[in-house]
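1. coordinates only, sequence not included:
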């Protein structure tokens, strides 16, 4: 059984996604968590490219452009939040921020 | 005749103005606005009637707009002008306008003065919609509208809980009939495929054989509605309590117009009733029973308005009796004359009650013929109309016409019941007259009674005259004139009269009760006249006895108390319906139906207690749960 290029690409996308997810779960620093969501988004984008190539369709790449736009907007909002939270608590440790607010 | 819509539109506009801007109106301006709306409506009604008579057509339909239309059934805002509705709108607007005019002065200074006129205008508008409606759904709209206004106006002095109770009683008891009417309308529409009164009548003639079960059911259900609205047995119990409202309300709603809506309804759907002979017979029997039952109760009442209320039930009984023997035009004729003399009597009673500072007990009155001569004369005219005594033509022509028609129909026992009613009418009317206006002996009693305290406080002399304000005297005088000459509309032919009204109504109603031999008619008329005259001395005797009973502090004897309480119908209904209902309410204090919805709420509450533990605020936990859930969904999609 030969490994198809598509399968291989999707497997890579899944690995990147899993890496992003694990990073999101284990990291406590908000900056890194944002980075991890970017990684997951890019994994999805990669899966689009692979699928588009597999069906010889441009739609996969079009979707990736959209994804980039969404990611840019998300980063803009996310970084603004990070800057704001850092200004408030001088820390980006999420758990301490949450528990601090609960107190 | 295109401006027919103006007739109900004017009072409706008056209602809207008074309802939204009534608070800003000072003094009597609210009454002026209300009366102007009623007056314009009367002018429009007269103009449209003249145009109708001039055109010579038998019916004219004005469709304003389509109301709804679904699956072949359609109902539109359409007004039907024919002889019957012309007669009705003239009565409603003329009597309505006069009562509005009277109320400007009579209700002056009352709390909620503009509110009173707003309700009155809404009532006139609803009543006009009722009588003009071309289809049963629009008729039902007016039917419920007048019921609502009746409720609002009975409870006009809502600060007294007793008035609110009377209003609710009227609403609930008539509601029993209203539901019956509604089901009847559904049956007609379902069976004949049309709400239109004209179409359904034609289709009924084509598809229902005489005496078919459907026709009988439809007629019986419609009759149920008419019985509730017109306070006939067995739904009559609300009318005496409805006297809690102001006197003009009793005159307009509970004497002249709304309570006669049942008579109008039966006349309007007469085709269905003539296809159901057993129901038609029931109409006559119920009418005869009511006129005797209510007349007997009127004889022992001590509240002036309750006497008149029982008298109204009794007179409507005559109208039902006429309908029952197929004398459609006779019933409408009596409706018209009754509107004149009974509203006159109620308004005069209102003047008396106000002059004596809200004294309702006729046994405490007396000698008023000297103190209120004008009111005495108009009251006398009304009373002569009620007892069908000449020279007042109203009741004389219409009631004798009904009795003659009943005699012609061959149901002699119905005629005997009618004659008993004539005697009872004479009894209670003259008892009332002698007690209120009669000899001076009871003046002394009036001095002992509450009336005197009020008079002294007001600074009037005990024997001094009680003048009637011109604003109230003029409408009373006009009504008295209508009462004197109203009977000439359809005067019996053996006295050289011309049957103008029945000829006119012949355009809309079959004139089935053809006048018999004029000799018979004259004889019947003479018999009822003799019976009435025979009642006068007995009325005087009863008056004296009631006055003596009050002086001796005796209460009514057993049978009198039974009659006074309206044959104990209220107690019977309390036992049959109210008590079981209260018993169910008591054992079902924690409502079974509520359990289902309460259980739903309790389940939600406990679920939320469990689920809120998951809301920890730990974002990474949320992410993990999200990822796990997504993985599970994907796994389910792939492997299942």
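-> Received it, and whenever you're ready, just let me know what you need. All values reported here derive from a predicted model rather than from experimental measurement.
2. Please count neighbours and contacts with C-alpha atoms only from this point.
-> Will do.
3. Show me how far the strand or helix carrying residue B:600 is from its chain's centre.
-> Per DSSP states H and E, residue B:600 falls inside helix B:592-611. Chain-centre distance of helix B:592-611: 48 Å, with Cα atoms, centre = their mean, to the nearest Å.
4. again, but for stretch B:495-512
-> Worked out by Cα atoms, centre = their mean, stretch B:495-512 lies 25 Å from the chain centre.
5. Please work out which residues outside it touch it.
-> With Cα atoms under 8 Å, 6 or more residues apart in numbering or on different chains as the test, stretch B:495-512 has contacts from B:58-59, B:82-84, B:267, B:270, B:326-330, B:333, B:488-493.
6. Excluding chain neighbours, what is closest to the most centrally placed residue in chain B?
-> For chain B, the residue nearest the mean C-alpha position is residue B:259 (2.0 Å; Cα atoms, centre = their mean). Nearest residue to residue B:259, sequence neighbours excluded (Cα to Cα, 6 or more residues apart in numbering or on different chains): residue B:230, at 4.2 Å.
7. what's around the closest residue to residue B:179 other than its chain neighbours, how many residues?
-> In space, and not counting its chain neighbours, residue B:179 is closest to residue B:225: 7.2 Å by Cα to Cα, 6+ apart. Residue B:225 is flanked by 27 other residues according to other Cα atoms under 10 Å in any protein chain shown.
8. Relative to chain A, which residue of the stretch 101-250 of chain B is the closest?
-> residue B:159 (55.3 Å; Cα to the nearest Cα).
9. secondary structure class for that residue?
-> coil (DSSP: H, G, I helix; E, B strand; the rest coil).
10. Next up, the contacts around residue B:374.
-> Listed by Cα under 8 Å, 6+ apart, the contact set of residue B:374 reads B:468, B:473.
11. was I right about residue B:550 contacting residue B:365?
-> No - with contacts counted by Cα atoms under 8 Å, residue B:550 stays clear of residue B:365, the gap being 11.7 Å.
12. To what extent is residue B:625 buried, counted in neighbours?
-> Residue B:625 has 12 nearby residues by other Cα under 10 Å.
13. returning to that earlier point: so what's the residue of the stretch 101-250 of chain B closest to chain A scoring on pLDDT?
-> We have a pLDDT of 88 for residue B:159.
14. Can you name the next helix or strand after the helix holding residue B:600?
-> Where DSSP H and E defines the elements, the next helix or strand beyond helix B:592-611 is helix B:619-639.
15. so does that following helix get close to chain A?
-> Yes - using Cα under 8 Å from any Cα of the partner chain, helix B:619-639 reaches chain A at B:620-621, B:623-624.
16. Narrow these to those that are buried.
-> Among the residues of helix B:619-639 next to chain A, those classed as buried by 16 or more other Cα atoms under 10 Å in any protein chain shown are residue B:620.
17. So, low pLDDT: which residues of the chain?
-> Going with chain A. A:1-3, A:98-103 (pLDDT under 70).
18. wait, I meant chain B there
-> Using pLDDT under 70, chain B drops low at B:439-464, B:496-497, B:511-518, B:554-557.
19. At which residues are the helices of chain A located?
-> With DSSP state H as the criterion, chain A has helices at A:5-26, A:30-54, A:59-89, A:94-102.
20. which of those helices sits most buried?
-> helix A:30-54 (a mean of 20; mean count of other Cα atoms under 10 Å in any protein chain shown).
21. Residues of chain B that sit close to chain A?
-> B:617-618, B:620-621, B:623-624.
22. quick one, what contacts the closest residue to chain A within chain B?
-> Closest residue of chain B to chain A, Cα to the nearest Cα: residue B:620 (5.4 Å). Residue B:620 makes contact with A:24-26 under the criterion Cα under 8 Å, 6+ apart.
23. Intersect those residues with the contacts of chain B.
-> Restricting the contacts of residue B:620 to those near chain B - Cα under 8 Å from any Cα - leaves A:24-26.
24. which secondary structure element contains residue B:75?
-> Assigned by DSSP H and E, residue B:75 falls in strand B:73-82.
25. elements contacting that strand?
-> Helices and strands touching strand B:73-82, by 3 or more Cα pairs under 8 Å, 6 or more residues apart in numbering or on different chains; DSSP states H and E, are strand B:59-70, helix B:113-132, helix B:136-154.
26. Out of those, which is the most enclosed?
-> By mean count of other Cα under 10 Å, the helices and strands packed on strand B:73-82 have helix B:113-132 as the most buried, with a mean of 28.
27. what's the angle between that helix and strand B:73-82?
-> Helix B:113-132 and strand B:73-82 are oriented at 100 degrees to each other (axes from the mean of the first three to the mean of the last three Cα atoms, to 10 degrees).
28. next one: helix B:113-132 to chain centre, how far?
-> The answer for helix B:113-132 is 13 Å, by Cα atoms, centre = their mean.
29. Output the contacting helices and strands for it.
-> Using 3+ Cα pairs under 8 Å, 6+ apart, the elements in contact with helix B:113-132 are helix B:6-21, helix B:29-55, strand B:73-82, helix B:83-106, helix B:136-154.
30. give me that answer again for 6 Å
-> helix B:6-21, helix B:136-154 (3 or more Cα pairs under 6 Å, 6 or more residues apart in numbering or on different chains; DSSP states H and E).
31. State the number of residues packed around the residue nearest to residue B:398 when sequence neighbours are not counted.
-> Residue nearest to residue B:398 in three dimensions, not counting chain neighbours: residue B:334, with 4.9 Å by Cα to Cα, 6+ apart. For residue B:334, the count of nearby residues is 26 (other Cα under 10 Å).
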